[in-house]
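> based on what follows, work out the 3D shape:
(chains A and B)
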Amino acid sequence: EPEVTQTPSHQVTQMGQEVILRCVPISNHLYFYWYRQILGQKVEFLVSFYNNEISEKSEIFDDQFSVERPDGSNFTLKIRSTKLEDSAMYFCATGGNAEAFFGQGTRLTVV
Amino acid sequence: SQQGEEDPQALSIQEGENATMNCSYKTSINNLQWYRQNSGRGLVHLILIRSNEREKHSGRLRVTLDTSKKSSSLLITASRAADTASYFCATLRNSGNTPLVFGKGTRLSVIA
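Numbers count the residues shown, from 1 in each chain, chains lettered A, B, ... in the order given. Modelled structure (predicted):
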């Protein structure tokens, strides 16, 4: 069964450093999303991406964040100058026509 | 309150009992979906119910949708210890590319 793959599964980084979270979507999907879940809280939408550009983003997705599809297969989320409050699970999702498939997530810990 | 609010926040039952979780939302939707999350793990899609559907079944899962009350329920019958997880409802406003809006989830504990 096709699945969304995220790497790394866990990343620890120093405050102020940049991190790149990677996602390999299901091959024929056209819509890509990043969500975030702070420990014990709800899953929050960050950004959606379609046709090589951002189609929608939330208030959370400020200038600290960026997304791209560098090579037509991977879908990345870059967080610049990480802060302690960026510690969370980050989920990639892909899909279209109202159903999303989620990866297992990357647990980001900023210390 | 926010779109997609589940209740109860936590539910503890004995193995073999049924578990019912509810979700309320505020805006009109295209569909509503239920997800499961084991502790610290990813989100697993359980079932999707469209706005023109009232009830849907999948194995031991039964989902209802009442668009007049803007609410949905997830029933897990004959629960097992392996059903222990958090369950989230997520709503989709329109078809296509609009993002899912998640509730805070219900933590279900099934005691063997």
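> surely residue A:54 meets residue A:47?
Yes: between residue A:54 and residue A:47 there is a contact under Cβ atoms under 8 Å: 5.8 Å. The C-beta positions use only the backbone N, C-alpha and C, and glycine is treated the same way.
> and the helix or strand hosting residue A:92, how far out from the chain middle?
Residue A:92 is part of strand A:88-96 when elements are defined by DSSP states H and E. Counting by Cα atoms, centre = their mean, to the nearest Å, strand A:88-96 is centred 6 Å from the centre of its parent chain.
> and it, which residues are buried?
Counting neighbours by 16 or more other Cβ atoms under 10 Å in any protein chain shown, one finds that the buried residues in strand A:88-96 are A:88-96.
> can you name the residues bridging to residue A:91?
residue A:35 (DSSP bridges).
> distance check, it against residue B:47.
Using Cβ to Cβ, to the nearest Å, residue A:91 is found at 19 Å from residue B:47.
> ok now do residue A:14, which residues does it touch?
Neighbour list for residue A:14: A:82, A:110-111 [criterion: Cβ atoms under 8 Å, 6 or more residues apart in numbering or on different chains].
> before we move on, what about residue A:36?
Residue A:36 touches A:43-44, A:46, A:60, A:88-91, counting by Cβ under 8 Å, 6+ apart.
> each with direction, which strands does the helix or strand bottoming out on mean pLDDT in chain B pair with?
Comparing every helix and strand of chain B by mean pLDDT, DSSP states H and E singles out strand B:5-7 as the least confident one, with a mean of 78. Partners of strand B:5-7 in the sheet, by DSSP bridges, are strand B:19-24 (antiparallel).
> what's the following helix or strand after the partner strand?
Once strand B:19-24 ends, the next helix or strand along the chain (criterion: DSSP H and E) is strand B:31-37.
> quick one on the thing from earlier: and the least confident helix or strand of chain B, what's buried?
B:5-6.
> so whichever helix or strand comes after that strand, near chain A or not?
Counting by DSSP H and E, the next helix or strand C-terminal to strand B:5-7 is strand B:10-14. No: counting by Cβ under 8 Å from any Cβ of the partner chain, chain A is not contacted by strand B:10-14; separation bottoms out at 11.8 Å.
> buried set for strand B:10-14?
Of the residues in strand B:10-14, B:11, B:13 count as buried by neighbour count, 16+ other Cβ under 10 Å.
> what angle do strand B:19-24 and it make with each other?
Between the axes of strand B:10-14 and strand B:19-24, defined by axes from the mean of the first three to the mean of the last three Cα atoms, to 10 degrees, the angle is 160 degrees.
> ok, back up a step: hmm, who's touching the least confident helix or strand of chain B?
With contact meaning Cβ under 8 Å, 6+ apart, strand B:5-7 is reached by B:21-25, B:87-89, B:103-106.
> how far off centre is that strand?
Worked out by Cα atoms, centre = their mean, strand B:5-7 lies 9 Å from the chain centre.
> again with stretch A:22-30
Centroid displacement of stretch A:22-30 relative to its chain, using Cα atoms, centre = their mean, is 12 Å.
> CA atoms only: put it into PDB for me.
What follows is stretch A:22-30, C-alpha atoms only, in PDB (Å, rounded to 0.1, in the frame of the first residue of the first chain):
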ATOM      1  CA  ARG A  22      11.600  15.900   4.400                       C
ATOM      2  CA  CYS A  23       8.500  14.100   3.000                       C
ATOM      3  CA  VAL A  24       8.200  11.700   0.100                       C
ATOM      4  CA  PRO A  25       4.500  11.900  -1.000                       C
ATOM      5  CA  ILE A  26       2.500   9.200  -2.700                       C
ATOM      6  CA  SER A  27       3.500   9.400  -6.300                       C
ATOM      7  CA  ASN A  28       0.300  10.400  -8.000                       C
ATOM      8  CA  HIS A  29      -0.900  12.900  -5.400                       C
ATOM      9  CA  LEU A  30      -1.000  16.600  -6.300                       C
END
